[in-house]
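# This is a predicted model, with the sequence first.
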Amino acid sequence: MKILLIDVYHYNKGGAETVCFNTGKMLENNGHEVVYFTLKWNKNLPSKFEKYFPESKETRKGMFRQVINLRNYFYYPDAAKKLEELILEEKPEIAHIHLMWGQISPSIFPVLRKFHIPVIFTVHDYRMVCPAYSFKDGRGQICEACTGKYFYRCFTHKCTKGNYFLSIFMAAEMYFRNKYFNPNKYIDGLLYVSDFARKKHEQYIPAFKRKPNIVLHNFSVSIAETGRCITDKYFLFLGRLSEEKGIITLMNAMKDNPKSKLKIVGAGPLENKLKIYQERHNLHNIEFLGYKSGEELINLKKKAYFVIVPSECYENNPMAIIESYAEGVPAIGSRIGGIPEIIEEGKTGYIFTSQNVKELADIIRKASNLSDEEYLTMSDNAIRFAHNDMSKESYYARLIPFYKRVMNIYRQANSI
């Protein structure tokens, strides 16, 4: 089978790209051909398909680049043109999209339909039902005011970074897209990475209930065989340093656990504010390590005692937990979004009420006091969960039948 994988970036910018490239390697290792279509970026990895990649807002030159960037957010004609050239050359049998909104744009949908290529869409975020992606308003509170159709409320609630202009811009794109390139018309199968995301999308786009769909938690490329005990008991936060990730809640919980250590890995808009907060409250048990990658990041994850995901938004399926389980590292996560689906309370980790500092502090204390035997059992449980639910073997065994199912339904419906 020849599969066309579509993403905005051709480098590991975030969780969606990690999943996209891991999927590509997995498919190739199982004898399939993989074709990539992304935009050009300065950090892109080499690709034999890069001559087909359209310019991104980063690489575009010229006097009118900002005007073109604005137009392309809604409709990017060169993306459609380049994709058509790629399809004519490679002739893929199915397209699997990971990220496209606001960058590649839905301009590619009619091209895929023109060449009778069925489309599977992995739902990494909530952009099809929420203009601001994350169901958060301008005050950082959970918000579902748009209810899948009243997108002007993104503007009235200043949902996009608390900014009126950005919010109305995002709302306008939603209205434009749903009128001219409605996802329900062009997407043939939906791959959800959490059951929570499936329910949210079906709540606000009821037509999605009639689409072929599957829930597949993200997978890890390798998984340890047995758990292990830890001598250096540090808790680990991995991710973007932004408001919705709940880092202030986590830091306050660490304030009540001065003997426990926390290492924070990542960068983001709150970084300076968080460091000032750390100094002001004398949080000497917290260490900011900045952005990490490669072997350094792998070692930090392997040696962690627990990973903590204190999110205050509708997380879908955090790679931080999946990658940690693969190393036998249990997780502590907030009870929100898809997180509770992948933490078995008391077995692979602990769950606390989002934004509840006391509850999180108590759990950190409880985790710190586990005996070596209790911790080893939890570590083994995390690995067992990963093997059963998050291995590339189990993922592949469910993904290929879903591809074939979508292709068969598409062919029958279109008499191809």
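Perfect, I can see it now.

# In the stretch 1-150 of the chain, what residue spans correspond to helices?
Counting by DSSP state H, counting those that start in this stretch, the stretch 1-150 of the chain has helices at residues 15-29, 65-74, 77-90, 108-114.

# out of the ones you listed, which comes closest to Met407?
helix 108-114 (13.1 Å; C-beta to C-beta). (Each C-beta comes from the backbone N, C-alpha and C, glycine too.)

# List the contacts of Asn69.
Contacts for Asn69 (C-beta atoms under 8 Å, 6 or more residues apart in numbering) come out as 57, 60.

# State the distance from it to Ser293.
For Asn69, the distance to Ser293 equals 28 Å [C-beta to C-beta, to the nearest Å].

# Tyr75 now?
From Tyr75 to Ser293 the distance is 34 Å (C-beta to C-beta).

# Name the residue in these two with the higher neighbour count.
Tyr75 (16 against 9; other C-beta atoms under 10 Å).

# so who does that one touch?
105-107, 176.

# now swap in Ser107 and tell me
Residues near Ser107 by C-beta under 8 Å, 6+ apart: 75-77, 79-80, 181.

# How many residues are close by Glu393?
So Glu393, with other C-beta under 10 Å, has 11 neighbours.

# let me fix that: Ala397
10.

# ok, now Val111?
19.

# isn't it right up against Lys82?
No: counting by C-beta atoms under 8 Å, Lys82 is not a contact partner of Val111; they are 9.5 Å apart.

# Secondary structure of Thr377: a helix, I assume?
Yes: using DSSP: H, G, I helix; E, B strand; the rest coil, the assignment for Thr377 is a helix.

# returning to what we had before: of the helices of the stretch 1-150 of the chain, which is nearest Glu373?
Among the helices of the stretch 1-150 of the chain, helix 15-29 sits nearest to Glu373 (C-beta to C-beta), with 33.6 Å.

# so what's Phe109 closest to, chain neighbours aside?
Nearest non-adjacent residue to Phe109, counting by C-beta to C-beta, 6 or more residues apart in numbering: Tyr186, 3.9 Å away.

# quick one, what contacts that neighbour?
Contacts of Tyr186 (C-beta under 8 Å, 6+ apart): 106, 109-110, 112-113, 119.

# Is it possible to mark the buried ones in the residues you listed?
106, 109, 112, 119 (16 or more other C-beta atoms under 10 Å).

# Thought Asn184 was touching the second one, still the case?
No: look at Phe109 against Asn184 with C-beta under 8 Å: they stay out of range, at 11.2 Å.

# what helix or strand is Ile308 on?
strand 306-309 (DSSP states H and E).

# Would you mind putting the CA coordinates of that strand into PDB?
What follows is strand 306-309, C-alpha atoms only, in PDB (Å, rounded to 0.1, in the frame of the first residue of the first chain):
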ATOM      1  CA  PHE A 306       7.200   9.900  38.100                       C
ATOM      2  CA  VAL A 307       6.200  12.100  35.100                       C
ATOM      3  CA  ILE A 308       3.600  14.700  36.000                       C
ATOM      4  CA  VAL A 309       1.000  16.100  33.600                       C
END
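
# The helix or strand following it packs against which elements?
Later in the chain than strand 306-309, the nearest helix or strand by DSSP H and E is helix 319-325. Applying 3 or more C-beta pairs under 8 Å, 6 or more residues apart in numbering; DSSP states H and E, we find helix 319-325 packed against helix 15-29, strand 306-309, strand 331-334, helix 372-389.

# Turn the ones you listed into a markdown table, columns for mean neighbour count and mean pLDDT.
Converted to a markdown table, the helices and strands packed on helix 319-325 look like this (neighbours: other C-beta atoms under 10 Å; pLDDT from 0 to 100):
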| stretch | mean neighbour count | mean pLDDT |
| --- | --- | --- |
| helix 15-29 | 19 | 94 |
| strand 306-309 | 28 | 97 |
| strand 331-334 | 26 | 97 |
| helix 372-389 | 18 | 94 |
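
# Those: which one's closest to Glu287?
Nearest of those (C-beta to C-beta): strand 306-309, 13.8 Å.

# In its sheet, which strands sit next to that closest one, and in what direction?
strand 234-238 (parallel), strand 331-334 (parallel) (DSSP bridges).

# got the contact list for it?
235-239, 250, 262, 301, 315, 318, 320-321, 324, 329-334, 339, 349, 364, 367.

# Now, of those residues, which are buried?
235-239, 250, 262, 301, 315, 318, 320-321, 324, 329-334, 339, 349, 364, 367.

# picking up where we left off before, so which of the helices of the stretch 1-150 of the chain comes closest to Ala386?
helix 15-29 (13.9 Å).

# thinking again about what came up before, would JSON lines of the helices of the stretch 1-150 of the chain with distance to Gln141 be doable?
JSON lines is the format used below for the helices of the stretch 1-150 of the chain (distance: least, C-beta to C-beta, whole Å):
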{"stretch": "helix 15-29", "distance to Gln141": "23"}
{"stretch": "helix 65-74", "distance to Gln141": "26"}
{"stretch": "helix 77-90", "distance to Gln141": "35"}
{"stretch": "helix 108-114", "distance to Gln141": "33"}
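
# which one of the ones you listed lies closest to Lys136?
Using C-beta to C-beta, the nearest of the helices of the stretch 1-150 of the chain to Lys136 is helix 15-29, at 17.5 Å.

# Quick check: which helices or strands does that closest one pack against?
Partner elements for helix 15-29 (3+ C-beta pairs under 8 Å, 6+ apart): strand 2-6, strand 33-37, strand 119-123, helix 319-325, helix 392-414.

# let's go with 7 Å and repeat that
Contacts defined by 3 or more C-beta pairs under 7 Å, 6 or more residues apart in numbering; DSSP states H and E place helix 15-29 against strand 2-6, strand 33-37.

# okay, the angle between the first one and strand 119-123?
For strand 2-6 against strand 119-123, the angle between stretch directions is 40 degrees (axes from the mean of the first three to the mean of the last three C-alpha atoms, to 10 degrees).

# would you put the C-alpha positions of strand 2-6 in CSV?
Extracted in CSV, the C-alpha atoms of strand 2-6 (Å, rounded to 0.1, in the frame of the first residue of the first chain):
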residue,chain,number,x,y,z
LYS,A,2,1.2,3.5,-0.8
ILE,A,3,0.2,6.0,1.9
LEU,A,4,0.4,9.8,1.7
LEU,A,5,1.2,11.3,5.1
ILE,A,6,0.3,15.0,5.4
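
# nearest to Ser391, of the contacts of Tyr186?
Val119 (26.4 Å).

# if I read this right, Asn30 contacts Tyr396, doesn't it?
Yes: Asn30 is within contact range of Tyr396, at 6.2 Å (criterion: C-beta atoms under 7 Å).
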